[in-house]
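K.L.:
make a model of this:
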Amino acid sequence: MIDQKIQDHTKKILKVAAQIDAELSNGESKTVQCPICGNDMLAGKSAFNGHVWAVCKKCGASFMQ
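P.N.:
Modelled structure (predicted):
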């Protein structure tokens, strides 16, 4: 049960990460919808290496490449 929930959340986060990578140029940021709770997630793409990151303002879901 827990393993399945982790897998589901990981798939959702990876989908958002790919979306952010495709939509932003290096050094840009924007707000996207959190795939876990549906609230605002601040997302950005590094000006240095193009890695993407995001953190949800409500549930705290986050990732960084």
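K.L.:
please count neighbours and contacts with C-alpha atoms only from this point.
P.N.:
OK.
K.L.:
show me the contacts for residue 13.
P.N.:
35, 63 (Cα atoms under 8 Å, 6 or more residues apart in numbering).
K.L.:
now the helix or strand where it lies: mean pLDDT?
P.N.:
Residue 13 is part of helix 2-23 when elements are defined by DSSP states H and E. Taken as a whole, helix 2-23 carries a mean pLDDT of 94.
K.L.:
neighbouring strands - and their directions - for the following helix or strand past that helix?
P.N.:
Toward the C-terminus, helix 2-23 is succeeded by strand 29-33 as the next helix or strand (DSSP H and E). Sheet pairing here is set by DSSP bridges, and for strand 29-33 it gives strand 40-45 (antiparallel).
K.L.:
per-residue pLDDT of the residue most central in space within the chain, please?
P.N.:
Nearest to the mean C-alpha position of the chain, by Cα atoms, centre = their mean, lies residue 54 at 4.2 Å. If you check residue 54, the pLDDT there is 98.
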